[in-house]
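Engineer: dropping a prediction and its sequence here:
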Amino acid sequence: MIIHFLDTLELSLTYIVEFCTALMELFGVVVLVYTAVRCFIRWLKHDSQLRLDLAQGIALALEFKMGGEVLRTVVVRDWAELGILGAIILLRGLLTFLIHWEIKNEEEALEKRNSASQ
């Protein structure tokens, strides 16, 4: 009886985590596509803040994707699979770090351009 309950609970948790992971991945894709379309339109208008907004959108999309990967670690059953997930999380974390560095540099450059034009 108790074993059946625990099996059902484990199966339910697996389905919930898989659904939430897919949802987080979907949010990341939606944010990325929305940002790309919006920034393309602004590129046509020669907006100077385009690079900053694009980098911020990509960073947000990566955060959603990384959240999905972290959730996926809850249902991992194999060390090899855990190693692959760890590598994915590490790479996405590195990309996020680089994008945040780019955001910081772009903000400083915009600030200097605004100060010089005044």
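Structural biologist: Thanks, I have the structure now. Residues are numbered from 1 along each chain as shown.

Engineer: make it CA atoms for all contacts and neighbour counts henceforth
Structural biologist: Will do.

Engineer: just say helix, strand or coil for residue 46.
Structural biologist: Secondary structure assignment for residue 46 (DSSP: H, G, I helix; E, B strand; the rest coil): coil.

Engineer: burial of it, as a residue count?
Structural biologist: Residue 46 has 10 neighbouring residues, counting by other CA atoms under 10 Å.

Engineer: try residue 79
Structural biologist: 9.

Engineer: tell me where this structure has strands.
Structural biologist: In order along the chain, the chain carries no strands (DSSP state E).

Engineer: and the pLDDT at the residue most central in space within the chain?
Structural biologist: Geometric centre of the chain, nearest residue: residue 62, 1.8 Å, by CA atoms, centre = their mean. Looking at residue 62, its pLDDT is 91.

Engineer: so it touches residue 96, yeah?
Structural biologist: Yes - look at residue 62 against residue 96 with CA atoms under 8 Å: they come within range, at 6.6 Å.

Engineer: from residue 55, how far out is the nearest residue to residue 28 once chain neighbours are set aside?
Structural biologist: Excluding the flanking residues, the one nearest residue 28 by CA to CA, 6 or more residues apart in numbering is residue 61, at 4.2 Å. According to CA to CA, to the nearest Å, residue 61 and residue 55 sit 10 Å apart.
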